[in-house]
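Enquirer: here you go, sequence then predicted model.
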Protein chains: 2
Amino acid sequence: MKLGIIGSGQLGLMMILEGKKLGIEFLVIDSTKEGPASRIADKAFVNDEFREFVDSCDFVTYEFEHVDERPLNYAMEQGKLRPGMLPVELKRDRSKEKLFLRENGLPVGDFEIADNARDAARIGRDFGDAVIKLAHGGYDGKGQYIVKERTLEEELPEGKYVVEKFVRFDMEASVIAARDPAGKIAFFQPSLNVNYRGMLYYNAAPIEDCGMKEIVKALMEKLSYVGVIGVEFFLKDGKAYINEFAPRVHNSGHHTLMGSSVSQFEQHVRAVCGFPLADPQLYRSSGILNLVGLSLTDELRAKILARPETQVYWYGKDGIRKRRKVGHVNFSAQSYSDLLERIKTLSSLVYGEDLDQYFGY
Amino acid sequence: MKLGIIGSGQLGLMMILEGKKLGIEFLVIDSTKEGPASRIADKAFVNDEFREFVDSCDFVTYEFEHVDERPLNYAMEQGKLRPGMLPVELKRDRSKEKLFLRENGLPVGDFEIADNARDAARIGRDFGDAVIKLAHGGYDGKGQYIVKERTLEEELPEGKYVVEKFVRFDMEASVIAARDPAGKIAFFQPSLNVNYRGMLYYNAAPIEDCGMKEIVKALMEKLSYVGVIGVEFFLKDGKAYINEFAPRVHNSGHHTLMGSSVSQFEQHVRAVCGFPLADPQLYRSSGILNLVGLSLTDELRAKILARPETQVYWYGKDGIRKRRKVGHVNFSAQSYSDLLERIKTLSSLVYGEDLDQYFGY
């Protein structure tokens, strides 16, 4: 069995580290052969070699939705792409994603589509409390504008926008789930997301479901989805609203690398290769702290590894800059409250009290 | 940080899969570049390139004690070898290993050294119930002869032997432990070993300690050991006797890949690189079933992965033959008795009732 991965970042790296045990070969394609996943792949390709790449694979998946069109399209033509093209198309235009969710009866907050910056600004002012997001491109808080009293259209670059009325949520949460080609679905435990400046800061499981799993099930079925999906929610008064979904393994599922019977990465490989899904069990409260904008010194690594029930994943990216995710730390603990305390303690040790030094623009 | 591994088999493969997250580079050396570990290493070398290999590494370890002398010796000269040469030397001559244990006051069964086959046979007859083992070479039951009434010297190849009075043990067990360069020791939970025809068939944790950890601590200190060690014991009437030790990650520690806070592989990498050791916690009863002499078909993989709380490690070796370890299955379970039942159920599904088809000579 040969599985192709489009994209060579940390998600592909962890897919290989976790999936290699299944006795399959991993082929990776990206703009260079130097990405973290390409460096440990059985074979690495560059995008121009998309035909040879796809032809060499039994199945092709993607670790990220913003990748080269050619391997995606050709894998789709060859009937090898899992998940398929629909989720990618929805993710490439936020307005399509939002409309798809609403049209399929899935709970989302109020939003409107604006064809230009002026309309976006006007709708934003009308909502009063809103987030204006460019429809194309942008993740981890890029291309997003928070409406404040003085927001004027002059501040927005020209483009198509989704304007979302701000949900005064009690918390943000995720559900990671997998669906196999026969339609069987398996859920990981819901987890808490704490974001900072539009990026995931830390994540902790398990939390109450609040109906999220049922919503994810409906979404996967509407998408005829195969693979692992990550769905982000706003929780408000015990009700769940979809924020957005990621058609792939997701940062809020990295906690499954420790303290679980299976990781999201292995589960994704099982799903797209058509192997039996695992029934995920969480053995212990587990979470992560993202490592953003840091250099891995021996001192930093020692500081992290000296903490109890802790693992570090360092992605091996070249070049460190602000707002760049360079790794994460896994934690497990006897209780959820112990878990949160451990995450916060390490955060202080790693970042001190000024997160903006690392997460700031 | 660059860590070199001498040997490119499955132990090196798992060391890389588990250690890569720490943000280090892995260099592997062996007689070819085709071994499972070489194929995913950051860089692979052949034995003739031993100087370049060692010179490129910060530290060098070995995944197996029967490896090429040149990288071992040169890494030792350069002060980079962890664990050191003493454990390798002891493992290359069983008589030295046994004498070392006895001279250091560590509990071993009765044994005698024989310089030739005739003496070995005579000592074996005198013990009555004995195992005659060639001093050099041999593992997984190779080079071992069980004394029965009719054993005569003609059946033994010429050579130096260790003749061990057979210990009528209640069970066989292991302890996996790690020691860091500063002398700190961390233990995994003791586990049960069930062998078949001299090879590990299955393994299950946790079991009672019976004093094993104290013995392992003394052994590691006598060896000035750095890294993970696997020590096999006979347990009889609640007392522990060392059978033998392996100066490396060990088959009976593979259960730490699932249901534990850290695997033996990551722990070994932490120890030899001088990173803080983890304090291993076993979240759930965990064990393995060895896969021996089998081919990985889609059907076999599906059969294994469909079982609850199960993972499969397939080593990707070229060529399948009887008595060759080609993978293992990890299990976790709510209780130790559930664990044993799951292992036995899968064994029946995989091997049927005739183990000799796979484990036989």
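Expert: Here it is on my side, so go on.

Enquirer: what sits closest to A:Leu200 if chain neighbours are left out?
Expert: Here the nearest residue to A:Leu200 in space, its sequence neighbours aside, is A:Asn251; by Cβ to Cβ, 6 or more residues apart in numbering or on different chains that works out to 4.9 Å. In short, each C-beta sits where N, CA and C put it, glycine included.

Enquirer: where does the closest residue to chain B within the stretch 51-200 of chain A land on pLDDT?
Expert: Closest residue of the stretch 51-200 of chain A to chain B, Cβ to the nearest Cβ: A:Asp58 (10.5 Å). A:Asp58 carries a pLDDT score of 98 in this model.

Enquirer: one more: the one 5 residues further on?
Expert: According to the prediction, A:Glu63 has pLDDT 96.

Enquirer: my read: it touches A:Gly4, true?
Expert: No. The pair A:Glu63 / A:Gly4 is not scored as a contact, 10.7 Å apart, by Cβ atoms under 8 Å.

Enquirer: for chain A, which residues are neighbours of chain B?
Expert: Proximity of chain A to chain B, by Cβ under 8 Å from any Cβ of the partner chain, involves residues A:1, A:13, A:16-17, A:20-23, A:39-40, A:42, A:258-259, A:261-262, A:266, A:270, A:275-276, A:278-279, A:281, A:283-284, A:296, A:298, A:301-302, A:305-306, A:308-314, A:316, A:327, A:332.

Enquirer: so among those, which ones count as buried?
Expert: A:1, A:13, A:16-17, A:20-23, A:39-40, A:42, A:258-259, A:261-262, A:266, A:270, A:275-276, A:278, A:281, A:283-284, A:296, A:301, A:305, A:309-314, A:316, A:327, A:332 (16 or more other Cβ atoms under 10 Å in any protein chain shown).

Enquirer: from these, which land in strands?
Expert: The strands, defined by DSSP state E, take in A:310-314, A:327, A:332 from those.

Enquirer: quick check, nearest of those residues to A:Leu134?
Expert: Minimum distance to A:Leu134 across those is 28.0 Å, recorded for A:Gly327 (Cβ to Cβ).

Enquirer: who's in contact with the closest one?
Expert: Counting by Cβ atoms under 8 Å, 6 or more residues apart in numbering or on different chains, A:Gly327 touches A:10, A:290-291, A:294, A:296, A:312-315, B:23.

Enquirer: A:Leu289 now?
Expert: Per Cβ under 8 Å, 6+ apart, neighbours of A:Leu289: A:201-202, A:328-329, A:331, A:343, A:346-347, A:350.

Enquirer: rewinding a little: ok, A:Glu63 and A:Gly4, which is more surrounded?
Expert: Between A:Glu63 and A:Gly4, A:Gly4 has the larger neighbour count (other Cβ atoms under 10 Å in any protein chain shown), namely 28 against 25.

Enquirer: quick one: pLDDT of that one?
Expert: A:Gly4 carries a pLDDT value of 98.

Enquirer: what pairs with it across the strands?
Expert: A:Leu27, A:Val60 (DSSP bridges).

Enquirer: follow-up on the earlier one: ok, the residue of the stretch 51-200 of chain A closest to chain B touching A:Phe26?
Expert: No. The pair A:Asp58 / A:Phe26 is not scored as a contact, 11.5 Å apart, by Cβ under 8 Å.

Enquirer: can you list residues touching both of these two?
Expert: Shared contacts of A:Asp58 and A:Phe26 (Cβ under 8 Å, 6+ apart): A:2-3.

Enquirer: who has more neighbours, those two?
Expert: Ranked by neighbour count (other Cβ under 10 Å), A:Asp58 and A:Phe26 place A:Phe26 first, with 24 against 15.

Enquirer: which residues sit in contact with that one?
Expert: A:Phe26 touches A:2-5, A:15-16, A:19-20, A:37, A:41-42, counting by Cβ under 8 Å, 6+ apart.

Enquirer: out of those residues, list just those in helices.
Expert: A:15-16, A:19, A:37 (DSSP state H).

Enquirer: rebuild those residues as a markdown table, extending it with pLDDT and distance to B:Met76.
Expert: Formatted as a markdown table, the ones in helices among the contacts of A:Phe26 follow (pLDDT from 0 to 100; distance: Cβ to Cβ, whole Å):
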| residue | pLDDT | distance to B:Met76 |
| --- | --- | --- |
| A:Met15 | 98 | 38 |
| A:Ile16 | 97 | 33 |
| A:Gly19 | 98 | 36 |
| A:Ala37 | 95 | 35 |
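
Enquirer: closest to chain B among those residues?
Expert: Nearest to chain B among those is A:Ile16, at 7.9 Å by Cβ to the nearest Cβ.

Enquirer: wait, isn't the closest one in contact with A:Pro36?
Expert: No. With contacts counted by Cβ under 8 Å, A:Ile16 stays clear of A:Pro36, the gap being 9.2 Å.

Enquirer: the residue in the stretch 251-361 of chain A that chain B sits nearest to: what's it in contact with?
Expert: Ranked by Cβ to the nearest Cβ, the top residue of the stretch 251-361 of chain A for proximity to chain B is A:Trp314, at 2.9 Å. Applying Cβ under 8 Å, 6+ apart, we find A:Trp314 in contact with A:291, A:296, A:301, A:326-327, B:21-23.

Enquirer: now the closest residue to A:Lys160 other than its chain neighbours: phi and psi?
Expert: Nearest residue to A:Lys160, sequence neighbours excluded (Cβ to Cβ, 6+ apart): A:Ala135, at 4.1 Å. Backbone geometry at A:Ala135, expressed as degrees, to the nearest 10, gives phi -70, psi -30.

Enquirer: any idea how far A:Ala135 is from A:Lys91?
Expert: 11 Å (Cβ to Cβ, to the nearest Å).
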